[in-house]
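Peer 1: what shape does this take:
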Amino acid sequence: MLAQSEGNYAEALQNYYEATRPEIDPYDRSFILYNIGLIHTNNGEHTKALEYYFRALERNPFLVQSCNNIAVICHYVRLSLL
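Peer 2: The predicted structure is shown next:
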């Protein structure tokens with residue numbers, strides 16, 4: 001998370017991808033996937049971000065941050081189409 005907070009998104013993504021491999025607890029895995037979604041959002045990669053937010057919700061349906069970020073992306077994309 002240090003790399004992410006310092007804006008080193010490439011390193012943070014690599015760290016999160018590596019963390020998903022051994023993590024079997026769905027709750028913990030959901031937060032890793034959520035953080036991957038955050039980085040893709042920050043990089044403007046909305047399709048990838050949505051994929052990871054939905055994957056996070058599959059493992060933890062109570063992760064409201066994912067729901068919120070999905071709504072924000074949908075709103076943003078809708079406005080950009082107008």
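Peer 1: what sits against the nearest residue to residue 13 once chain neighbours are set aside?
Peer 2: Closest residue in space to residue 13, ignoring its immediate chain neighbours: residue 39 at 5.4 Å, by CB to CB, 6 or more residues apart in numbering. All C-beta atoms are positioned from the backbone trio N, CA, C, and that covers glycine. Residue 39 sits next to 4, 9, 12-13, 16 when contact means CB atoms under 8 Å, 6 or more residues apart in numbering.
Peer 1: need the max-distance pair from these.
Peer 2: Between any two of the contacts of residue 39, the greatest separation by CB to CB is 10.1 Å, found for 9 and 16.
Peer 1: make a ChimeraX selection of the buried ones in the contacts of residue 39.
Peer 2: Filtering these down to the buried ones (16 or more other CB atoms under 10 Å) takes a single ChimeraX command:
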select :4,12,13,16
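Peer 1: now, which of the contacts of residue 39 sits nearest residue 33?
Peer 2: The shortest approach to residue 33 among those belongs to residue 16, at 8.2 Å (CB to CB).
Peer 1: mind pulling up the pLDDT for that closest one?
Peer 2: On pLDDT, residue 16 comes in at 94.
Peer 1: now the contacts of residue 39 in a markdown table, with distance to residue 44?
Peer 2: Formatted as a markdown table, the contacts of residue 39 follow (distance: CB to CB, whole Å):
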| residue | distance to residue 44 |
| --- | --- |
| 4 | 16 |
| 9 | 11 |
| 12 | 16 |
| 13 | 14 |
| 16 | 18 |
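Peer 1: what's near enough to touch residue 28?
Peer 2: By CB under 8 Å, 6+ apart, residue 28 has no neighbours at all.
Peer 1: tell me which element it falls in.
Peer 2: Using DSSP states H and E, residue 28 sits within helix 26-42.
Peer 1: put the alpha carbons of that helix into CSV.
Peer 2: In CSV, the C-alpha atoms belonging to helix 26-42 read as follows (Å, rounded to 0.1, in the frame of the first residue of the first chain):
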residue,chain,number,x,y,z
PRO,A,26,-12.7,-14.2,0.2
TYR,A,27,-13.0,-11.2,2.6
ASP,A,28,-9.3,-10.3,2.4
ARG,A,29,-9.2,-11.1,-1.3
SER,A,30,-12.1,-8.7,-1.9
PHE,A,31,-10.0,-5.8,-0.5
ILE,A,32,-7.1,-6.7,-2.7
LEU,A,33,-9.3,-6.8,-5.8
TYR,A,34,-10.9,-3.5,-4.7
ASN,A,35,-7.5,-1.8,-4.4
ILE,A,36,-6.6,-3.1,-7.9
GLY,A,37,-9.8,-1.5,-9.1
LEU,A,38,-8.8,1.8,-7.4
ILE,A,39,-5.5,1.9,-9.3
HIS,A,40,-7.2,1.2,-12.6
THR,A,41,-9.6,4.0,-11.8
ASN,A,42,-6.8,6.4,-11.1
